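S.K.: Fold the following and give me the result.
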Amino acid sequence: QVQLVESGGGLVQPGGSLRLSCAASGFTFNSYGMSWYRQAPGKEREWVASISTTGSSSNLVDSVKGRFTISRDNAKNTVSLQMNNLKPEDTAVYFCKASRGSTVYWGQGTQVTVSS
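M.R.: Predicted coordinates for the structure are as follows:
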């Protein structure tokens, strides 16, 4: 059974940091590209970051460049999103996604709230 389980969300003040993790099981993790998406209230889900199967390349949406870092550990079947200097506009539910060709798996999401 395929599972993607996100963790690490919570409430943080502006300027603070959080580290999200996504634990994968039930599929060959190192064969899948991994991504993080987020969805703010009343908005469409948007792509945040992606990392290649080996971790050798990654991309970030412009709004988080210099603040967020995506990484993966293929030995532990996990992908992480380190988020620094958080802003109120980063408030959203963050989702982990695994993709390989037309095969896509999603996690259930973890809430991140940035507020003073």
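
S.K.: my guess is Val104 is in a strand, correct?
M.R.: Yes. Checked against DSSP: H, G, I helix; E, B strand; the rest coil, Val104 lies within a strand.

S.K.: That one touches Lys97, doesn't it?
M.R.: Yes. Between Val104 and Lys97 there is a contact under Cβ atoms under 8 Å: 6.5 Å. From N, CA and C alone the C-beta is placed, and that goes for glycine too.

S.K.: who's more crowded, the two?
M.R.: Neighbour count, other Cβ atoms under 10 Å: between Val104 and Lys97, Lys97 has more, with 20 against 11.

S.K.: quick one: low-confidence parts of this protein?
M.R.: In the predicted model, the chain carries no residue with pLDDT under 70.

S.K.: Which parts of it are strands?
M.R.: Assigned by DSSP state E, the chain shows strands spanning 3-7, 10-12, 18-25, 33-39, 46-51, 58-60, 68-73, 78-83, 92-100, 103-106, 110-114.

S.K.: Tell me which other helices or strands the fourth one touches.
M.R.: In other words, strand 33-39. With contacts defined as 3 or more Cβ pairs under 8 Å, 6 or more residues apart in numbering; DSSP states H and E, the packing partners of strand 33-39 are strand 18-25, strand 46-51, strand 68-73, strand 78-83, strand 92-100.

S.K.: just how off-centre is the longest one within its chain?
M.R.: In this view, strand 92-100 has its centroid 6 Å away from the chain centroid, taken as Cα atoms, centre = their mean, to the nearest Å.

S.K.: That strand: which residues count as buried?
M.R.: Ala92, Val93, Tyr94, Phe95, Cys96, Lys97, Ala98 (16 or more other Cβ atoms under 10 Å).

S.K.: Leu18 versus the closest residue to Val114 other than its chain neighbours, what's the distance?
M.R.: Nearest-residue entry for Val114: Leu86, 4.6 Å, with adjacent residues in sequence omitted and distances by Cβ to Cβ, 6 or more residues apart in numbering. According to Cβ to Cβ, to the nearest Å, Leu86 and Leu18 sit 7 Å apart.

S.K.: number of nearby residues for Asp90?
M.R.: 22.
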